[in-house]
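> Attaching a predicted model along with its sequence, questions to come.
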Amino acid sequence: MVDPIRIAVAGVGNCASSLVQGVHAFRADPSMVGLMRPELGGWSAGDIEVVAAFDVDARKVGRPLHEALAAAPNCTTVFHPLPAGGVEVVMGHALDGVAGHMADHPDERAFRMADAEPVDIAQTLRDAEVDVLISYMPVGANEAAKHYARACLEAGTAMVNCSPCFVASHPEWAQRFDEAGLPIVGDDIKSQFGATFAHRVLTRAMGDRGIRILRTYQLNIGGNTDFLNMLDRSRLASKKLSKTEAVQSQLDARLPDEDIHVGPSDYVPWLRDQKVATIRIEAEGFGGVPMQLDLRLSVEDSPNSAGVVIDAIRCAALARRRGISGVLEAPSAWFMKSPPRQMRDEEAERQLDRFIVGEGAEGL
């Protein structure tokens, strides 16, 4: 028997809903498919326990977690029922976590700030004896993401940064986690099989087959709160950089900026948590003969990342158990779009396997 991994979630949205549903689903049926690693470090997915939750929306703050996860504007698929009760969602710190236009929409999609005083995040983490905090801060919430990172450092809590706000990939923050003796996995979670992962695989495979890519784009549309938030284009800098570099890193030679576009495109409310991605690659094969590839991928966005987060949580807990601190390079490279060090996916997975069994350098 292993002790459960005690986690906190910062942001009780669709991704948190899929994560918590998944934990309970695997607890009920450990043979359920969907995880890359059913067992990791001695933990199954069902060994994860949510002991703290933070949000700033009036429909979530002050409510039991199972109710908050079902509250609007959450719209992801319910694939496993959640038991009543659980922790109460407490008031976090909004800072730059809410785009101004989020209130200008119908009630089921509009944001409503809770009328409550923010809690002391670090003290809450200490009181709940949290092992790992999962940051689900929205795109553009750079100050909010750093606020939760500081709270982790103060409380002695490891961090998995699922947001495209650069923490693990920022040298100063990486050093601070290392000096504090705490592991961090980040930044910007990859989906189990999403648009960016598919784009990376295709570009790398073409390069390995001697094909020269001339230009490419990836466009994404969806109907969840993430896409609504991203209608404010001023918040997209880190997200676009994260997704673009995830693809550029797989090319033998970088494409000029004008020949690559990877990023969110638009918000379509009726799609709800469904994301539709379109990828186009224009290239040259043998003899310079032109070729084009067009791909359309449709996924339920939030469940597509939940299993990856479960693995990242267990890697962070494993590092804590072994006394490993700082950025976990191999887990970050395999699980995240913007790790401090990009790797080919097959190399990242190889290094991750070495990390799990305890081989090689500590930071792998």
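Received, thanks.
> so where does the closest residue in space to residue 306 that isn't next to it in sequence fall, helix or strand?
Of all residues not flanking residue 306 in the chain, residue 18 sits nearest, at 4.0 Å (Cβ to Cβ, 6 or more residues apart in numbering). Placement of C-beta: from N, CA and C, glycine included. Assigned by DSSP states H and E, residue 18 belongs to helix 14-28.
> same check, this time on residue 227
helix 225-229.
> Against which helices or strands is that helix packed?
Using 3 or more Cβ pairs under 8 Å, 6 or more residues apart in numbering; DSSP states H and E, the elements in contact with helix 225-229 are strand 260-267.
> Mind doing that once more with 10 Å?
helix 14-28, strand 212-222, strand 260-267 (3 or more Cβ pairs under 10 Å, 6 or more residues apart in numbering; DSSP states H and E).
> between those, which one is nearest to residue 276?
strand 212-222 (5.3 Å; Cβ to Cβ).
> okay, the angle between that closest one and strand 260-267?
10 degrees (axes from the mean of the first three to the mean of the last three Cα atoms, to 10 degrees).
> strands paired with strand 212-222, and their directions?
strand 260-267 (parallel), strand 274-284 (antiparallel) (DSSP bridges).
> List the buried residues for stretch 18-31?
18, 19, 20, 21, 22, 23, 24, 25, 26, 27 (16 or more other Cβ atoms under 10 Å).
> Return the member of these nearest to residue 132.
Distances from residue 132 to the buried residues of stretch 18-31, taken by Cβ to Cβ, are shortest for residue 19, at 11.8 Å.
> before we move on, the earlier item: surely the residue nearest to residue 306 is in contact with residue 303?
Yes - counting by Cβ atoms under 10 Å, residue 18 touches residue 303, with 4.4 Å between them.
> which neighbours do the two share?
By Cβ atoms under 10 Å, 6 or more residues apart in numbering, residue 18 and residue 303 have these common neighbours: 76, 77, 79, 273.
> for the third one, what are its contacts?
What it means is residue 79. Shown in contact with residue 79 (Cβ under 10 Å, 6+ apart): 17, 18, 21, 22, 25, 32, 34, 300, 303, 306.
> Surely the third one touches residue 303?
This means residue 21. Yes - contact criterion Cβ under 10 Å: residue 21 and residue 303 qualify, at 7.9 Å.
> Mutual contacts of the two, please.
Going by Cβ under 10 Å, 6+ apart, residues that sit against residue 21 and also against residue 303 are 76, 77, 79.
> any chance of those residues in CSV, plus distance to residue 359 and pLDDT?
Compiled in CSV, the shared contacts of residue 21 and residue 303 are given as follows (distance: Cβ to Cβ, whole Å; pLDDT from 0 to 100):
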residue, distance to residue 359, pLDDT
76, 37, 96
77, 38, 95
79, 36, 95
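> can you list the domain ranges for this structure.
5-191+303-357, 195-300 (automatic domain parsing).
> average pLDDT for stretch 10-25?
Stretch 10-25 shows a mean pLDDT of 97.
> going forward can the numbers begin at 266, since that is how I track them
In the new count, where the first residue is 266, that last one comes out as stretch 275-290.
> how about the helices in the stretch 316-465 of the chain?
330-335, 386-392, 407-420, 436-444, 460-473 (DSSP state H, counting those that start in this stretch).
> Could you check the angle the last one makes with strand 525-532?
Our comparison of helix 460-473 with strand 525-532, counting by the same axes, to 10 degrees, yields an angle of 160 degrees.
> Mind listing what's buried along helix 460-473?
Applying 16+ other Cβ under 10 Å to helix 460-473 flags 460, 461, 462, 463, 464, 465, 467, 468, 469, 471, 472 as buried.
> Which member of those is positioned nearest residue 599?
Of those, the one sitting nearest to residue 599 (Cβ to Cβ) turns out to be residue 462, at 10.4 Å.
> right, and that closest one touches residue 601 too?
No - using Cβ under 10 Å, residue 462 is not in contact with residue 601, being 11.1 Å away.
> quick one: low-confidence ranges for this structure?
By pLDDT under 70, the weakly predicted segments of the chain are 361-375, 625-629.
> Report the outermost residue of it with respect to its centre.
residue 552 (41.2 Å; Cα atoms, centre = their mean).
> so is it in a helix, a strand, or just coil?
Three-state call for residue 552 (DSSP: H, G, I helix; E, B strand; the rest coil): helix.
> How about the contacts made by residue 419?
Here residue 419 is in contact with 385, 386, 387, 388, 390, 391, 445 (criterion: Cβ under 10 Å, 6+ apart).
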